[in-house]
Each structure stands twice: as C-alpha cells, then as structure tokens.
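Student: mind folding the following:
(3 chains)
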Amino acid sequence: MRKLLNILVKVLILCLIIIWLIPVVWLLVTSLKSENTVMTDKLSLIFTPTLENYKKAFSSTLLGRWLVNSLIVSVITTILTLLIDSTMAYVLARIQFRGRNVLFIFILAGMMIPFEVLIIQLYLELTKMGLANTLIAVMLPRLAMPIGVFILTQFFKSIPIVLEEAAFIDGASRFTVFRTIIMPLSKSALFAVAIISFINAWNDFLWPLVAISSSEKYTITVGIANFQGTHGTEYSLIMAGAVLASIPQIIMYILFKKNIVKSIAMTGIKE
Amino acid sequence: MKKIAGLAITLLLLVGTTAVTAQSGQKPLEITFWSLFTGGDGEFFDAMVKEFNASQNEIVMKTDTVKFDDYYTKLTAALAAKTAPDVVVMHQDRLSTFVPSGVLLPLDTYVQKAGIDLSTFEEAPLNNCKINNKLYAIPLDVHPIIMYCNMDLFSKAGITKLPESLSELISTAETIQNKTGAIGIAADNTTATYKAYTLTRMFLSMLMEQGVYVFNADNTKANFNNEAGIKSYQALSDIVNKYKLTPKGYDYDSSVADFRLGKAAIHFNGVWVTGLFEQQPNLNFVAVKFPALFGKNAAWAGSHTFAIPAQKSVDEKKIIGAMKFIDWMTNHGYLWAKAGHVPTRKTAVNTKEFKSLPHRADYADAAKYVFATPATPKWPQCYDVMSDQLEESIALNRDAKTALTKLEQAINDILKK
Amino acid sequence: MSSHYADHKKRDIVLFSLPYLAIYVAFLVFPVIYGVYLSFFDWNILSSKVFIGFKNYVEAFRDPEFLSSFSHTLQFVCISTPLIIIVGFVMALITIQPTRTGRVAETVFFLPYMLSTSVVGTLWAWIFQKNYGLANQVLKLLNLKPLGWLTDPSIAMTSIIIATLWWTAGFNMILFSAGMKQIPDEIYDAAKIDGAGSFTTLTKITLPLLKDTSLLVLILQVIASFKVFGQVYVMTGGGPYGTTRVLVQYVYKTGFNYFRLGYASAMSVILFLVILLISSLQFLRKPDQAQ
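Tutor: Numbering: from 1, shown residues only, chains lettered A, B, ... in the order given. You can find the predicted model right below:
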C-alpha cells in the first residue's frame, strides 16, 4: 500500500514536471515551423524544422541593436538598483530613528501601484526633464524598487549586529561598515535583488514603448512586438521572436541557476 | 562597489551623449515619421518608403514603427508632450479624437504650397478627412470590408453565382455547408487575442445599405433601434443561431485560417487579407465588394491617412517636405495595393501596375461605397461597446428588440457624457 | 558606542537614503500624487483640464464597465491567489527533496518566471487557440470535445488563471522552499522517531513553522493578482464581450483609447486604496507578531 502510494506520488510529480515543460517546448516547436504548417488540424509533432522565422527576424530588423540596448538598460538598472536599494535598506534595518516604520510602509506602498497607470504622468515628467527618447528615461522609473528594499532590509536585520559594533568601536564610519561588513555578507540577498531587477528591466514593455520613439533605441521587447502583424497573428514568427527575446534570460538562468534559486531562497524572510 | 558605480555612471553619460549627438542635422532634410504597419503590411510599406528615399535626394524619411495595438498609446503620450514626429500614420476614425484638441495641423494651405492636386483623389475618402471643412489628413488608402469566396467549394456544390442578396447569401452558404461540410460563412463573432470588430463592421454596413446611419446627424444619439437595425441584427444572429452557418464563439484567427486552408466557403473581412490568401498555394478564391444584402451597396471601411502633428514651433520647410512625401506615397498607391488596400487616388488606380494586380480590380469600386465612421471623440468607446454587446447578444441568442434596446441605452449613455 | 557613531547619525540617514528616496519620490510618488490630482479633473490629455470635484469618483460607482471590471479583478484575485500559493507550496515540497528529480523539478518550475508577460501571454493564447491550438488538438486526440478556452465566457478567466499559474507559481515555490530550509532537521528527525507519518509532519510541523513565509507569500500574491493586466491584454483583450476585462485594463483603455485621463486616474486611485487596505490588514499584523 505504502509502496503503491509512493509510486503514485512519483508519477504525479513526473506528470507535473512534464506539464510545466510542455509550453516551453511548444514555444520552440512553433518557432521552428513555417507559417503554413503552423495552422493545421492535427497535432503534428513530426515536421521538418526550419529556421526561416529566425532568418526573417534577423534580416528584417535591428535585432542586434535592440539586444544591446536591452543589455545596457538591464545591466545599468540592476547595478544602480542594487546601490540605492541597499543603502536605503541599511538605514531601515540598522539605524533607529523616529518614523522609521512609517518610512518603511511608505516605501512598501510603492509595490501596490500598477505601473501602467503612471505612464502618461511619467512621460510628461521625463519630457519636461528633456529625457524623452533616451535610454536613461527607460531606466529611471525602474531604479527605486520597493521589493528590493524589502528583501534587503529583512536580510540585513538577520546579520548579527556584533560585527558592526566592533568596527564602530574601532572608529569606522557607517559607510565603511556598510561596504566592508554588510555588503560582503549579503551577497546572496544582493544577487536575488539583482535577478529580480534584471528580469523586470529586461521584460519591461509598456514603459520603453512610450518612452522611446526611434527604433534604433528600442529595447528587445518593444522591437520584437512588431513581429505581430497589423491584422491577425503569425504565430511561428512571433514565437521565434519570443525565443530570441528570452534567450539571454534563459542562458543566465541556466548559468546561475543554483545561485538564483539559492539566493532568493536565502532571503525569503528571515526574522 | 565604487568601481561598479563609476562604471554605471560613465555608461549612463555615454548613453546620454550619444542621444544628443545623434540629433544634429545632416544635409538632406530628415523628416521623422511614425508608422503602425507590421507583418505583411509592414514589408510593403517599408519598401515604399525606401523607394521614396531613393527617388530623390532632398528628403530622407526616417521611419519608426510600432505595432497597431500599442501605436496610439505611444502617439497620445507624444502628442500630449509635443514630442510627436513630423508625420504620422493615423486611422481616419481616430481623427475626431485628436483634432478637437488642436494637436494636428490643418493641411489646406500646405496642400496648395506643396502643389498637391486634390481633384485626383476619390471624393469619399478625402471628405472623410475633413472636420469643420478643414482638411486634417490625407488618405493613403481605404480598406473596406469585402467578401471572399472559395470557388473550389462553390463549384463542388454546383454553385456558379456569387451571392448578391441576403437570401442568396444564406442559401449559397447553406448549400455549400451541407454538400461539402465546409463552414458556410467564416466571420468572427468573438474577441480572443485579436479584436476584429467584424460583427460591428457588418452591422454598420447593413444599416447603411438600408440608408440608415448608426448615429443621428449630430452624433448625440444612437440611431439603430429601428426597423433597419432589427433587420440587420436579425440577419447577423440568424447566420449563427438559426442557420448555423458560422460556429458560435468563432475567433478572428480561426476565420482567417479556415478560409485560407480551404475549409470555409465565404469569408467576410477587410481587404488586407488578400495578400495572405494569395500566398496560399491551391487556394482558388475571388474577392468582391460587400454584397448589397439589403438592396443598396455600402461597406464599412477603415482608411489609413497621413497627418501632421502640431509642433512647438512651425518649421514650414519640414511640413512642405512631409507633404511631398505624402504626395509621392498616395500617387504610388498601386505599390501599397499589393498589401490589399484600395488606393485613394485616381492617378494610382489608373495605372498599368494597379490593373495588372489580380483581385484588386474586383473590389476597387468598393471605395465608392464607403462611409465615414461617426466624427465624435466618443467613437472608439462606442465601437468597443457595440462590438462587445453584439458579440454577447448573438452568443446568448437575444432577440433583436432586447439586444438593440440594451445597446441603444449604453451608447446613449456614452454620447451624453 | 563611539561618539563618532552617534554624531553622524542624522547625516548618515540622509546620505544613505537620499539616492533611493529622491528617485522613488520623483518617479513613483510624484506621478501617483499627480494622478490623484488629475482624478479631480475632466481632462482628455490634450486639451486643458476642467476641475470637477468628485464627479469622476461618483461616475466610477455608477459605471457598469468599471464595476464589472472590478469584479473580474476580484474574481481573479480570489481564485488565482490560493491556487498559485497552494501549487507553489506543493512544488516546494517536491523540490525540497535532495534528489535529482527534486533539482530538475526546481529548474523546470522556476523557468517560466524568467519569461516576459507578452511572451507568456502570446504563448498561451496560441496554446488555447480554438481551432488550431495545442490544448484542443490534444482534446481531439483523446476524443474529447474541444473547448473555447478563450472564447467561452465561462472558462476564459480560468484559462488566464492557468497561464498565470504556470508563469508565477515558481516564485512562490522558492519563497516556500526558503522557509522550509530554515526548519531545523532535528525537528523532523524527532518527529520521525515519534513515528509521525508524512501527513502529520506536514500539518503539525511544516505548516505551522511556515506561518511567516505564508504571510509574505500571501501579501505579495494578493498585490500581484490585483495588478493583473498584461496576460489578459494579450490573451483575450478582455473578451469574450468584456467577461475577462480586468480593472487595470479598463483604466488603461479609458486613458489611452478614450482619452479620459481624469476618470482613468480616479479609477486607479480606487484600485490603489483597495490594495492598500487589504494588504495593510496583513502588514499591520506583522509588527505585533514580532514583538
């Protein structure tokens, strides 16, 4: 009985894994079909794969440029996010002052705003600042990331305060303590925030769409969206675009998989 | 940490400076231009712009494309901030949402200065670009809803005549459906992934065929809860509910794919799918104007136009340059016709190039029967509500009176605001 | 404590928090406040604003489309939140096993979270396409009746929830497995010695000790679910006939398609207040527990 149950559980787990994998496989399969063979009645698992969609994607667009733009935006966003979120979190985690909880809630409330409703206001603001149609405009609204502050604050709180006190007694400044003690100990949490920030920046669509007006400054998500036809949908080409836009994240995921999972896991919620 | 921060700041500055240097002017006049054509349309359009750029050396058009669903989001933001490009593509039915705010330039004086001969344009589409007697856009094309018929299925069922009235449409579709098992009428009646408005477009066309316009003269009240409206709604509902010639819950992608794969006898859609159907091997079809189901001919049509956003300061040289571009594009409408659209200029229609294109001539006269969508800023919202409610009422098989009374109420509420 | 440490406290607070707060205020708080301000105006984005007091708010509560969009959002929140949390939890139970299956499962379950909304939306729209999509082809293969995944109003929202589940459950899984890893092995060993079955261990040890994690997951998930937009926008566009239209989508449409930015702002303010209210109920409990 018990054995049977064990086997049943194993089979269920396997099924779940397969079900979770199917959409990704289907994404790849569709992108390798020609447009004419995509719309068919029968489940056609056997087909001659073609790279025509990928060739079309590369030939007709500024794909390489868009990838570079996305990379610039995502990398700089990630670095700056780490800087400002971690210093903010340090204040919230370590310095006692009146109104700290209020400040914390004030920052967390930012998580509750759907970004879509701010777009017009942001665009008018950044235009006034003379930053419309620059990659800087794409980055700025993404830098102050409340969930990053949240994760880091929780993590900093979990670091034993004894280490810092020793340094303070030696006359070290807060910045030195932050830089030499807190940051090195928080690698995993910083990594987690970096990942979230990078994914957000890379996948951002609506804001770069509005903020950037010339196609050579598009990010990959905005550029790829044009694979959608004016009337109706060419699925195979769109799927090829989707694969291309996702490859960098997937590569990153496979390379850093262990760290990503571990670091997000480690930060979880320590109290 | 410091190093990384330094690197980030340097990179930021770098990005900033390249943005600035890229703006300094070059010798030929550079005119910025936004387009919404992607997919098949995009290929034809971009090729035309390229040809224009190569045809002369005074003007260089710099095109940036954003796909249709997101285009107006971006354009709206840009118009509000006065950062719009020199020329934009705009659907005729959007003009009335932009014009009242003064963000588009009236073009009359510039038409003269650039020497564009307006008499070479078809009257209907050109007049649709006028608001309060001022010309705010120049039409590149009209893209009416038309009827596609699969001739192989027709002949398989022993039918040679294309349907020309409502009863013929139904009997033809019924015969073919019964004899061949194909779908009788492929016209989408639900929104999934892509909102095609086909039901609404057919409804508007059917009303107009009976001489009834969807709103009253000053666009303050709905004008379809009447005999013409009931007849039109009944026809649309019967096709789905009574004769079952169109499956329930039928989406746009299915309707196009089914016709393309030869599994549907009759397909209602805009002219833009012509190019797609032509590329399909072994699809023997004709494309003709929307049939006069209720006596007269009339067809809903969209129209792509060119408009010129008002800038912070008027740069007449650029505007004239833009007008020259528009002149060239509309004159070469036969190139654009490859994408299926109907040119708006007689000088483009009366060319060897246009006449040698298959199918286009069969529906080119559809341009004569097109009518304008209501010139009110409320139209986009009304259009969405009509589309939602027609889909809902037909899906739930509501009777005409109930459906139209409910719709009338909703539309009047919007128009009143 | 050194005097140095106390001396520079104020200066350090300012220096450390200034960069974040400056950007946060400039690019989040300011647009929000501006939005609140706009909500009292009739403004079509392009022409001048007209002050109309609370009229936009009054209109919202009488607007059937606002009310239906709001209820669709609530429906989405109520169904998707527990579902995504429970699946995430089950996934964590699977992946916490130090076996190869566990590691493979972890990789696979988290993978979708790396994809963008538009990729996820288009992919699932394609899978659920009525006549040619994978889901119905499989059903046909099994001799079952194909479903109108995105075209039948009674299941369209479920389809969107399925896509969202696939996309985001992995994130919750990771938070849960983090919590689980913090539970000392000794507790489990002790339970084993006492002869507790795996079900008892789950309900008596794992679940109670994951209270904090669960609360965090719940808050994050509720917030994320309330903000639902992208998947719906891409997969159904709110159809069939508005039955899946969610609030953020209606706000977006009102602002960008109907040019009623004042009204759109008023609706966003209402949404924000609702999210704030619901999540503050949860946040407020937190400090109490800590003390």
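Student: count the neighbours of residue 138 for me.
Tutor: Just going to use chain A. Residues lying near residue A:138 (other CB atoms under 10 Å in any protein chain shown) number 31. To be clear about C-beta, it is placed using only N, CA and C from the backbone, and glycine gets the same treatment.
Student: you answered for a different chain; I wanted chain B.
Tutor: Other residues close to residue B:138 by other CB under 10 Å number 24.
Student: for it, what are its contacts?
Tutor: Counting by CB atoms under 8 Å, 6 or more residues apart in numbering or on different chains, residue B:138 touches B:107, B:111, B:116, B:121, B:126, B:129, B:305, B:306, B:307, B:326, B:330.
Student: tell me the phi and psi of it?
Tutor: phi -120, psi 120 (degrees, to the nearest 10).
Student: next one: residue B:309
Tutor: Torsion angles, degrees, to the nearest 10, at residue B:309: phi -70, psi 140.
Student: mind listing the residues bridging to it?
Tutor: Counting by DSSP bridges, residue B:309 forms beta bridges with residue B:104.
Student: that one contacts residue B:105, doesn't it?
Tutor: Yes - in this structure, residue B:309 is within contact of residue B:105 by CB atoms under 8 Å, at 7.2 Å.
Student: quick one: the residue of the stretch 101-250 of chain A found nearest chain B from residue C:68, how far?
Tutor: The minimum distance from the stretch 101-250 of chain A to chain B, using CB to the nearest CB, falls at residue A:229 (2.5 Å). As judged by CB to CB, to the nearest Å, residue A:229 and residue C:68 stand 31 Å apart.
Student: ok, those two, which is more surrounded?
Tutor: For residue A:229 versus residue C:68, the count of surrounding residues by other CB under 10 Å is larger for residue A:229: 21 against 16.
Student: what sits against the spatially closest residue to that one that is not a sequence neighbour?
Tutor: Spatial nearest neighbour of residue A:229, excluding adjacent residues (CB to CB, 6 or more residues apart in numbering or on different chains): residue B:39 at 2.5 Å. Going by CB under 8 Å, 6+ apart, residue B:39 touches A:227, A:228, A:229, A:230, A:231, A:232, A:234.
Student: then residue C:123?
Tutor: Here residue C:123 is in contact with A:23, A:26, A:27, A:239, A:242, C:115 (criterion: CB under 8 Å, 6+ apart).
Student: what about stretch B:240-258, how long is it end to end?
Tutor: 16 Å (CA to CA, to the nearest Å).
Student: for chain B, what's its nearest residue on the stretch 151-291 of chain C.
Tutor: Taking CB to the nearest CB, the stretch 151-291 of chain C has residue C:239 as its residue nearest chain B, at 2.9 Å.
Student: okay, residue B:68 and residue B:181: tell me how far apart.
Tutor: Computed with CB to CB, the distance linking residue B:68 and residue B:181 is 35 Å.
Student: next one: residue C:15
Tutor: 77 Å.
Student: who has more neighbours, those two?
Tutor: The neighbour count for residue C:15 versus residue B:181, taken as other CB under 10 Å, is higher for residue C:15 (14 against 9).
Student: now do the helix or strand harbouring the more buried one: which elements does it pack against?
Tutor: For residue C:15, the host element (DSSP states H and E) is helix C:9-24. The contact analysis (3 or more CB pairs under 8 Å, 6 or more residues apart in numbering or on different chains; DSSP states H and E) places helix C:9-24 against helix A:63-94, helix A:174-177.
Student: for residue C:44, list the residues it contacts.
Tutor: Counted by CB under 8 Å, 6+ apart, residue C:44 has contacts B:101, B:377, C:259, C:260, C:261.
Student: just those residues now: which is nearest residue C:98?
Tutor: The closest of these to residue C:98 turns out to be residue C:261 (CB to CB; 54.4 Å).
Student: residue A:243 reaches residue A:27, doesn't it?
Tutor: Yes - contact status for residue A:243 versus residue A:27: in contact at 6.4 Å, counting by CB under 8 Å.
Student: hang on, the earlier thing: quick one: contacts for the residue of the stretch 101-250 of chain A closest to chain B?
Tutor: Contacts of residue A:229 by CB under 8 Å, 6+ apart are B:38, B:39, B:40, B:41, B:42.
Student: now the helix or strand bottoming out on mean pLDDT in chain A, how far from the centre of its chain.
Tutor: One helix or strand of chain A scores below all others by mean pLDDT, DSSP states H and E: helix A:35-38, with a mean of 76. Chain-centre distance of helix A:35-38: 32 Å, with CA atoms, centre = their mean, to the nearest Å.
Student: what comes into contact with whichever helix or strand comes after it?
Tutor: Using DSSP H and E, the helix or strand that follows helix A:35-38 towards the C-terminus is helix A:52-59. Defining contact as CB under 8 Å, 6+ apart, one finds that helix A:52-59 is touched by A:31-32, A:34-35, A:63-64, A:227, A:236-237, A:239-241, A:244.
Student: in which helix or strand does the one residue sitting closest to the centre of chain A reside?
Tutor: Centroid check for chain A by CA atoms, centre = their mean gives residue A:199 as the closest residue, at 1.0 Å. Taking DSSP H and E as the criterion, residue A:199 maps to helix A:187-203.
Student: one step back: and the contacts of residue C:123, which two are the farthest apart?
Tutor: Most distant of these, by CB to CB, are A:26 and C:115, 12.9 Å apart.
Student: these two: which is more packed in?
Tutor: Neighbours were counted for residue A:26 and for residue C:115 using other CB under 10 Å; residue C:115 has more, 23 against 18.
Student: so what's that one closest to, chain neighbours aside?
Tutor: Using CB to CB, 6+ apart, the closest residue to residue C:115 is residue A:246 (5.5 Å).
Student: wait, what's in contact with the one you found?
Tutor: Neighbours of residue A:246 in contact, by CB under 8 Å, 6+ apart: C:114, C:115, C:116, C:119.
Student: at 10 Å what do you get?
Tutor: A:24, A:27, A:202-203, A:220-221, A:224, A:253, C:111, C:114-116, C:119-120, C:123 (CB atoms under 10 Å, 6 or more residues apart in numbering or on different chains).
Student: for those, which single residue is the most surrounded?
Tutor: residue A:224 (30 neighbours).
Student: what's the helix or strand for that one?
Tutor: helix A:220-225.
Student: nearest spatial neighbour of residue B:319, skipping sequence neighbours?
Tutor: residue B:110 is the one closest to residue B:319 (CB to CB, 6+ apart), at 5.4 Å.
Student: next one, pLDDT for residue B:7 please.
Tutor: At residue B:7, the model reports a pLDDT of 53.
Student: any stretches of the chain with poor pLDDT?
Tutor: No chain was given, so I picked chain A. A:40-44, A:60, A:232, A:260-271 (pLDDT under 70).
Student: ah, no, chain C please
Tutor: C:1-7, C:283-291.
Student: for stretch C:229-240, buried residues please.
Tutor: C:229, C:230, C:231, C:232, C:233, C:234, C:235, C:236, C:237, C:238, C:239, C:240 (16 or more other CB atoms under 10 Å in any protein chain shown).
Student: how about residue A:214: what's its closest non-neighbour residue?
Tutor: residue B:64 (5.3 Å).
Student: what's the neighbour count on the residue of the stretch 151-300 of chain B found nearest chain C?
Tutor: Nearest residue of the stretch 151-300 of chain B to chain C: residue B:191, at 2.9 Å (CB to the nearest CB). For residue B:191, the tally of surrounding residues (other CB under 10 Å) stands at 28.
Student: tell me the secondary structure of the closest residue to it other than its chain neighbours, please.
Tutor: Among residues not flanking residue B:191 along the chain, residue C:239 sits closest, at 2.9 Å (CB to CB, 6+ apart). Following DSSP: H, G, I helix; E, B strand; the rest coil, we place residue C:239 in the coil state.
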